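1. sequence and predicted model, in that order:
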Amino acid sequence: MKTVGDRVMQVLRQLRGPDTSDSVFEATALIVGAVFLVLGFAIAFPVFFGHELTISGTGSIGSFASYGGAITAVLAFVLGRLAVRPEEIREDAVRDGFSVPGDRLRWYDLAAIAFAHAAIAYLGWLGVAELLERSFIGAPVFPFPGAILVSVAFALTAYVAFLSAVALTPMVLSLVLAVFLVVGAFAAMLASSDPDWWRNNLSALGMSTNSASIAFNATLVIAGVMITTISRYATAGLPVDEDGARRGRFIVRGGLILMGVFLACVGVFPVDEFFLVHNTVATGMTVVFAIVVVGLPWFLRSIPRVFVLFGWAYVLVIVMLGVFFAVGYYNLTAVELIAAVLIFSWIIVFLRTAGSVTGGSRGDPASARTDRARAGSPDLLAG
């Protein structure tokens, strides 16, 4: 008679075979969530026992859930990636949206993506705790219900992180990137030791004298690595039927990767310690963005014209912001903040547009099977 452990291992082994399905991944995600539910309660209840807890603050259930949720997100993400190891996937290799012939996710790619999931979990549960604290002012939390709440937070985090890992595609990762940038930026703003940072510039959040510098700079570095990762894979499937189109795709990919590198360098070189380098890479990112956007209809002829016009409008707005700053109408923080929102939103929309142009087969098993049947080919990724 099979034990529970044997049944769990049987399900996990199914994930590595050619006959995987969405229902198997969903069932496994539920099992992973259930495991972390039990582990969360087993850890939290002895820690909470004999104490009257607060919702947020030092030693609160919110603090416990946020730190534990970050660890849970990393562990669940790793389990999810192990479940879809490209070298062990054959017919359903398209289930892993990052399985590209001759290429695969590097360890630093996965580390950056896992860190982003951890940061989202940490800041998300911290924010929920703060909101509940202000909704239930002065309300105590007893050990048993506190342990239940924490274990549910762990379970939900594990469930979402696991499904995100097994269904990882450039389009999914673009959403993770957007959420990560938002929570990272707001965390840095809220943690800033200088309430007047906005009077200088956005980079003031990353100064070594600011308590928010670690959060701000780490967000930029991780986001830069994520952009380079997504850019490689999002452009890999763009249709190229001639040498000119192939060169255009190479230019766009190189431009996006260079933008990611520059963004990471903005975080690596704080403005107060490396003024010239910091400003050079920040300006370089904007210049590369403008070149890619303006030349997009010549680089990638398959990109919809409405998206091209969308990008040109963004460049025009950034130019107008520069003029407003030059005449003293806007301060530098306003210009940098709006320009950053425009650039990152364009990158995210481009990644999703590129995914739609490529076709749904890389991230959709059903579409892949249909295309494979039409082509009569046993291997969608062949050639």
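-> On my side now, so go ahead.
2. return the distance of stretch 307-320 from the chain's centre.
-> Stretch 307-320 has its C-alpha centroid displaced from the chain centroid by 25 Å (C-alpha atoms, centre = their mean, to the nearest Å).
3. export that stretch as CSV, just CAs?
-> Only the C-alpha atoms of stretch 307-320 are listed here, as CSV (Å, rounded to 0.1, in the frame of the first residue of the first chain):
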residue,chain,number,x,y,z
PHE,A,307,2.3,49.8,-30.8
VAL,A,308,4.8,51.7,-32.8
LEU,A,309,2.7,54.9,-32.5
PHE,A,310,2.3,54.1,-28.8
GLY,A,311,6.1,54.1,-28.4
TRP,A,312,6.6,57.3,-30.4
ALA,A,313,4.1,59.1,-28.2
TYR,A,314,6.1,58.0,-25.2
VAL,A,315,9.3,59.4,-26.6
LEU,A,316,7.5,62.7,-27.4
VAL,A,317,6.3,62.9,-23.8
ILE,A,318,9.8,62.3,-22.5
VAL,A,319,11.2,65.1,-24.7
MET,A,320,8.5,67.4,-23.5
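4. and the contacts of it?
-> Outside stretch 307-320, the residues within contact range by C-beta atoms under 8 Å, 6 or more residues apart in numbering are 286, 289-290, 293-294, 296-297, 338-339, 342-343, 346, 349-350, 353. No exception for glycine: its C-beta is placed from N, CA and C like everyone else's.
5. any low-confidence regions in the stretch 1-150 of the chain?
-> By pLDDT under 70, the low-scoring segments of the stretch 1-150 of the chain are 1-24, 85-105.
6. quick one, helices of it?
-> Here the stretch 1-150 of the chain has its helices, by DSSP state H, counting those that start in this stretch, at 4-15, 22-48, 61-83, 107-135, 143-166.
7. can you pull the buried residues of stretch 181-195?
-> Leu181, Val183, Gly184, Ala185, Ala187, Ala188, Ser192 (16 or more other C-beta atoms under 10 Å).
8. out of those residues, who's nearest Gly224?
-> Leu181 (10.8 Å; C-beta to C-beta).
9. measure the closest one to Pro170 for me?
-> 16 Å (C-beta to C-beta, to the nearest Å).
10. now Glu52
-> Distance from Glu52 to Pro170, by C-beta to C-beta: 47 Å.
11. more neighbours, the two?
-> Pro170 (25 against 10; other C-beta atoms under 10 Å).
12. phi and psi next, for the more buried one.
-> Main-chain dihedrals, Pro170, degrees, to the nearest 10: phi -50, psi -40.
13. helices of the stretch 201-350 of the chain, start to end?
-> Under DSSP H, counting those that start in this stretch, the stretch 201-350 of the chain gives helices at 213-234, 243-268, 275-299, 305-326, 332-358.
14. just the pLDDT for Ala155.
-> Confidence at Ala155, expressed as pLDDT, is 93.
15. quick check: it touching Ile31?
-> No: with contact defined as C-beta atoms under 8 Å, Ala155 does not reach Ile31; the gap is 10.8 Å.
16. may I see the PyMOL selection of the buried members of the contacts of stretch 307-320?
-> The buried residues among the contacts of stretch 307-320 can be selected in PyMOL (16+ other C-beta under 10 Å) with this line:
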select buried, resi 286+289+290+293+296+297+338+339+342+343+346+349+350+353
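17. got the helices of the stretch 1-150 of the chain as JSON lines, with distance to Tyr314 and mean neighbour count columns?
-> Shown next, in JSON lines, are the helices of the stretch 1-150 of the chain (distance: least, C-beta to C-beta, whole Å; neighbours: other C-beta atoms under 10 Å):
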{"stretch": "helix 4-15", "distance to Tyr314": "41", "mean neighbour count": "13"}
{"stretch": "helix 22-48", "distance to Tyr314": "36", "mean neighbour count": "18"}
{"stretch": "helix 61-83", "distance to Tyr314": "32", "mean neighbour count": "23"}
{"stretch": "helix 107-135", "distance to Tyr314": "24", "mean neighbour count": "19"}
{"stretch": "helix 143-166", "distance to Tyr314": "28", "mean neighbour count": "23"}
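18. looking at those helices, which is closest to Phe269?
-> helix 107-135 (18.4 Å).
19. which other helices and strands does the closest one contact?
-> Applying 3 or more C-beta pairs under 8 Å, 6 or more residues apart in numbering; DSSP states H and E, one finds that helix 107-135 contacts helix 61-83, helix 143-166, helix 170-191, helix 213-234.
20. next, the angle helix 332-358 makes with the last one.
-> Taking axes from the mean of the first three to the mean of the last three C-alpha atoms, to 10 degrees, one finds that helix 213-234 is oriented at 30 degrees with respect to helix 332-358.
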